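1. quick one: sequence plus predicted model below, questions after.
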Amino acid sequence: MISSGYENRKARIEMLPLIDVVFLLLVFFIYAMLSMVVHRGLRVELPSASTSEVDRNEYISITIAKDNSIFVHKEPVDLSKLNEKVMEQVDKKPDIPVFISGDSRADLGIAIRVLDLLKSVGIKDVSFECAEEEQ
């Protein structure tokens, strides 16, 4: 019988298919994690900006609708009661950021009043949500 040397080889674990499988699992879990982001605001038509960024941590969502009504986490709130509603959240987590998402058809004056009210109660981390500018 002629020996080809094939019988004497040791078993090996091939690394390339293993790396492919691990990479696919990593991509799957990243995609699954990103799709589970909770948005607490109402759907509004956001103004656009070329320098907008996305930050999806724990936050307070204030929405200004096109009819100038104000919502905190999808709950309607009067402007006079806004500071109480926001302070409830701030008492739980003092350094929580606030995102204001205002409809582009809403009045600028109401957004300035909301921003002024938030600054007067000591909230410094306030950002406006906006959509990416289309080119």
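-> That came in fine, so what should we check first?
2. ok, which stretches of the chain are helices?
-> 15-34, 82-92, 108-120 (DSSP state H).
3. could you measure from residue 126 over to residue 36?
-> Counting by C-beta to C-beta, to the nearest Å, the separation of residue 126 from residue 36 is 26 Å. Any C-beta I mention is one placed from the backbone N, CA and C, and that applies to glycine too.
4. please say which of those two ends up with more neighbours.
-> Neighbour totals were compared for residue 126 and residue 36, and residue 126 leads with 15 against 8 (other C-beta atoms under 10 Å).
5. isn't that one right up against residue 101?
-> No. Using C-beta atoms under 8 Å, residue 126 makes no contact with residue 101, being 11.9 Å away.
6. quick revisit: nearest to residue 65, out of the helices of the chain?
-> Residue 65 lies closest to helix 108-120 among the helices of the chain, at 9.8 Å (C-beta to C-beta).
7. for that closest one, packing partners?
-> strand 60-64, helix 82-92, strand 98-102, strand 126-128 (3 or more C-beta pairs under 8 Å, 6 or more residues apart in numbering; DSSP states H and E).
8. hmm, 6 Å instead?
-> For helix 108-120, there is no helix or strand it packs on, judged by 3 or more C-beta pairs under 6 Å, 6 or more residues apart in numbering; DSSP states H and E.
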